[in-house]
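# here's a sequence, model it:
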Amino acid sequence: MSRRSGILEFAVLGLLREAPMHGYELRKRLNTSLGIFRAFSYGTLYPCLKTLVANGWLIEEPGSAPEDALAASLAGRRAKIVYRLTAEGKEHFEELLSHTGPDTWEDEHFAARFAFFGQTEREVRVRVLEGRRSRLEERLEKMRASLVRTRERLDDYTLELQRHGMESVEREVRWLNELIESERAGRDQRQPAPESSAQQDNTSGETGGLPRHRGAESSGGTPPGSSTLPDPSDDTAK
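Numbering: from 1, shown residues only. As a prediction, the model looks like this:
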């Protein structure tokens, strides 16, 4: 299984844990809620769904609305298939949620994991956040070293692009520091804050206890910088 297909399977299981959906609904949620899947097609989604069904993690059911099935029959089309998570699928997804290995710190995988932090235990969230921060600090160190080595050989625009990349990484590290501090302070983002607390603490409310941060408002729910970070860690820039 490729890393990309593994991320997609994880996201599909996570969305179906919330509610059964048919393929169109799944694709729409993946496109709108998880920005990392904006460019994928039905040709990618349906083989993934078939694999999950074959593994026993999903079951296929006919659409629940009789009029939809009748309309599809009259039009000579198949009724929509609804995909539902099985007990084995839920157990498998929970196992994936508990995983905190190095792959969970990479750009696309981290974005998918973060999208389902509301279903993840606090201890696991902290480990994933700390791992991501460590990975970005390593990346930042390489970027700085590369900039020092190549500064004299770069034109102004390439130099500015590298500086922009560094600033993006630095901004995400600050954002991660705020999240980690919030988690360690014991604020569980999965639980809605009481009304009295929401009125007194401006870090709760719609964000569920997440620290409000300018860099955390990227589109599609994707963490800032998680999928567009330039990484000029080599000397190939001219």
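# by contact count, what packs against the helix or strand residue 46 falls within?
According to DSSP states H and E, residue 46 maps onto helix 42-54. Identification of packing neighbours for helix 42-54 by 3 or more C-beta pairs under 8 Å, 6 or more residues apart in numbering; DSSP states H and E yields helix 3-18, helix 23-33, strand 58-62, strand 81-85. All C-beta atoms are positioned from the backbone trio N, CA, C, and that covers glycine.
# quick one: contacts of the first one?
Judged by C-beta atoms under 8 Å, 6 or more residues apart in numbering, the contacts made with helix 3-18 from elsewhere in the structure are 1, 21, 26, 29-30, 33-34, 36-37, 40, 44-45, 48-49, 51-52, 57-58, 83-85, 89-90, 92-93, 96, 103, 106, 108-109, 112-113, 115-116, 119.
# angle of that helix against helix 23-33?
110 degrees (axes from the mean of the first three to the mean of the last three C-alpha atoms, to 10 degrees).
# pull out the buried positions in helix 3-18.
For helix 3-18, the neighbour count (16 or more other C-beta atoms under 10 Å) marks 7, 8, 9, 10, 11, 12, 13, 14, 15, 16, 17 as buried.
# could you give the angle of that helix to strand 81-85?
Here helix 3-18 points in a direction 90 degrees away from that of strand 81-85 (the same axes, to 10 degrees).
# low-scoring stretches of this structure, by residue?
Scanning the chain for pLDDT under 70 picks out 1-4, 35-36, 38-40, 64-79, 187-238.
# change it to 50
For the chain, the stretches with pLDDT under 50 are 1, 67, 70-71, 73-76, 192-209, 212-222, 225-238.
# residue boundaries of the helices in it?
Using DSSP state H, the helices of the chain run over residues 3-18, 23-33, 42-54, 66-74, 87-98, 107-115, 122-150, 156-184, 195-200.
# do you know which of the helices and strands packed on helix 42-54 lies nearest residue 153?
Residue 153 lies closest, by C-beta to C-beta, to one member of the helices and strands packed on helix 42-54: helix 3-18, at 33.1 Å.
# let me know the angle separating the closest one from helix 87-98.
Using the same axes, to 10 degrees: helix 3-18 against helix 87-98 is 120 degrees.
# for helix 3-18, C-alpha coordinates in PDB please.
Taking C-alpha atoms only, helix 3-18 is exported to PDB below (Å, rounded to 0.1, in the frame of the first residue of the first chain):
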ATOM      1  CA  ARG A   3       1.500   6.200   1.600                       C
ATOM      2  CA  ARG A   4      -1.100   8.200  -0.300                       C
ATOM      3  CA  SER A   5      -3.600   5.300  -0.500                       C
ATOM      4  CA  GLY A   6      -3.000   4.600   3.200                       C
ATOM      5  CA  ILE A   7      -3.900   8.300   4.100                       C
ATOM      6  CA  LEU A   8      -7.000   8.000   1.900                       C
ATOM      7  CA  GLU A   9      -8.200   4.800   3.600                       C
ATOM      8  CA  PHE A  10      -7.700   6.400   7.000                       C
ATOM      9  CA  ALA A  11      -9.700   9.500   6.000                       C
ATOM     10  CA  VAL A  12     -12.500   7.400   4.500                       C
ATOM     11  CA  LEU A  13     -12.800   5.300   7.600                       C
ATOM     12  CA  GLY A  14     -12.800   8.400   9.800                       C
ATOM     13  CA  LEU A  15     -15.600  10.100   7.900                       C
ATOM     14  CA  LEU A  16     -17.700   6.900   7.800                       C
ATOM     15  CA  ARG A  17     -17.200   6.600  11.500                       C
ATOM     16  CA  GLU A  18     -19.200   9.800  11.800                       C
END
